[in-house]
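In: sequence unknown, structure follows:
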Ligand code: FES
């Protein structure tokens, strides 16, 4: 949808008006929240309030939808999504230690974003590469058989790329 809107709230309002179906609010709400997240990167309280004001669906209900689906993010996201697979094969081969190393290095827990906004940390379940356990992904890139030292090197690599 092209928009000559002056601000994102206006664009979001136009989108809501084009898709909102009060007969089936749930299905259109999901599309609206997808669009809002694409616009803002995450769903802040202000954005959910705006969706509520425009659709007349209570903010609590919107919040319920947003928290039900893990796709929706309620906090700002880092430039890179760093995910540690915590599936059985990876866990047995040291994924828990990798997670600890990352948490210490970036001073964040899963679901949080580093202070420099470079990484958002995630735990995932089996990503289908158990033969390469433990597996860490950064965005779409897969890092196989990672040990703690390699993990720190990967983080350093992204930090260096950012500062160069
Ligand atoms: S358990 Fe990690 S890839 Fe399968």
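Out: Nice, I can see it. Keep in mind the model is a prediction, meaning the values are calculated, not measured.
In: Closest residue of the protein to the ligand?
Out: The ligand sits closest to residue 87 of the chain, with a gap of 2.4 Å, by Cβ to the nearest ligand atom. Just so you know, the C-beta spots here come from the backbone N, C-alpha and C atoms, and that holds for glycine as well.
In: And that residue, how far from residue 128?
Out: 9 Å (Cβ to Cβ, to the nearest Å).
In: Which residues are in contact with the spatially most central residue of the chain?
Out: The centroid of the chain falls nearest to residue 73 when counting by Cα atoms, centre = their mean (5.2 Å). For residue 73, the contact set (Cβ atoms under 8 Å, 6 or more residues apart in numbering) comprises 37, 41-43, 120.
In: Please produce JSON lines containing these, extended by distance to residue 132 and neighbour count.
Out: Output for the contacts of residue 73, formatted as JSON lines (distance: Cβ to Cβ, whole Å; neighbours: other Cβ atoms under 10 Å):
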{"residue": "37", "distance to residue 132": "31", "neighbour count": "18"}
{"residue": "41", "distance to residue 132": "30", "neighbour count": "12"}
{"residue": "42", "distance to residue 132": "31", "neighbour count": "16"}
{"residue": "43", "distance to residue 132": "33", "neighbour count": "22"}
{"residue": "120", "distance to residue 132": "23", "neighbour count": "23"}
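In: for these, which one is nearest residue 79?
Out: Set against residue 79, the nearest of these by Cβ to Cβ is residue 120 (8.5 Å).
In: For the closest one, give me its contacts.
Out: 73, 77-78, 80-82, 111-114.
In: Name the residues of the helix or strand hosting it that come out as buried.
Out: Assigned by DSSP states H and E, residue 120 falls within strand 119-124. Neighbour-count burial for strand 119-124, counted by 16 or more other Cβ atoms under 10 Å, picks out 119-122, 124.
In: With distance to the ligand added, can I get those residues in a markdown table?
Out: A markdown table is the format used below for those (distance: Cβ to the nearest ligand atom, whole Å):
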| residue | distance to the ligand |
| --- | --- |
| 119 | 19 |
| 120 | 19 |
| 121 | 16 |
| 122 | 13 |
| 124 | 8 |
